[in-house]
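1. fold the following, please.
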Amino acid sequence: VDFTINVNADCVPCSINEIQVSRAITTNGDGINDLFEITSTEFCDFTFNIMVFNRWGNKVYEGTDYQNNWGGESPDNKLGTSGMLPTGTYYYIIDVISEENPTQQINGYMYIGGN
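-> Residues are numbered from 1 along each chain as shown. Got it, this is the predicted structure:
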């Protein structure tokens, strides 16, 4: 039996409260938690600008119109081993931009684990 499900994007709630953010990145290349991901927004017209800071408050990553494509690489491959940030806890700030609402922010902590 074949059937089709059509989803009307106007019926999907697009609230900042629905957004899910990665809590960990593991840099071991096993395909699980390899990237910092912002999810549950597939039907929403959100744009994300992100900044990630180390425990000393130094910015270690910044992305405009973020596309779930950062895996813990250090700036200019200068820090850590193999161009990756050292294992530890990092702080993120995400600007959530949409046409319907002014820019809102999500912030929190994430863990980056090495091999």
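
2. where exactly do the strands run in this structure?
-> 20-21, 24-26, 38-39, 47-53, 59-63, 88-97, 104-113 (DSSP state E).

3. redo those strands as CSV? Include mean neighbour count, mean pLDDT and distance to residue 72.
-> C-beta coordinates here come from the backbone N, C-alpha and C atoms, glycine included. Shown next, in CSV, are the strands of the chain (neighbours: other C-beta atoms under 10 Å; pLDDT from 0 to 100; distance: least, C-beta to C-beta, whole Å):
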stretch, mean neighbour count, mean pLDDT, distance to residue 72
strand 20-21, 14, 96, 15
strand 24-26, 17, 94, 5
strand 38-39, 15, 94, 15
strand 47-53, 18, 96, 9
strand 59-63, 16, 95, 8
strand 88-97, 17, 97, 9
strand 104-113, 14, 96, 5
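
4. among those strands, which is nearest residue 1?
-> Among the strands of the chain, the nearest to residue 1 by C-beta to C-beta is strand 38-39 (30.1 Å).

5. the closest one: partners in the sheet, and parallel or antiparallel?
-> Looking at strand 38-39 with DSSP bridges, its partner strands are strand 20-21 (antiparallel).

6. quick one: residue 62 and residue 39, what's the gap?
-> 20 Å (C-beta to C-beta, to the nearest Å).

7. could the strands of the chain be laid out in JSON lines, adding distance to residue 76?
-> What follows is these, written out as JSON lines (distance: least, C-beta to C-beta, whole Å):
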{"stretch": "strand 20-21", "distance to residue 76": "25"}
{"stretch": "strand 24-26", "distance to residue 76": "19"}
{"stretch": "strand 38-39", "distance to residue 76": "24"}
{"stretch": "strand 47-53", "distance to residue 76": "15"}
{"stretch": "strand 59-63", "distance to residue 76": "11"}
{"stretch": "strand 88-97", "distance to residue 76": "17"}
{"stretch": "strand 104-113", "distance to residue 76": "17"}
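
8. stretch 103-111: how far from the chain's middle?
-> Offset of stretch 103-111 from its chain centre (C-alpha atoms, centre = their mean, to the nearest Å): 9 Å.
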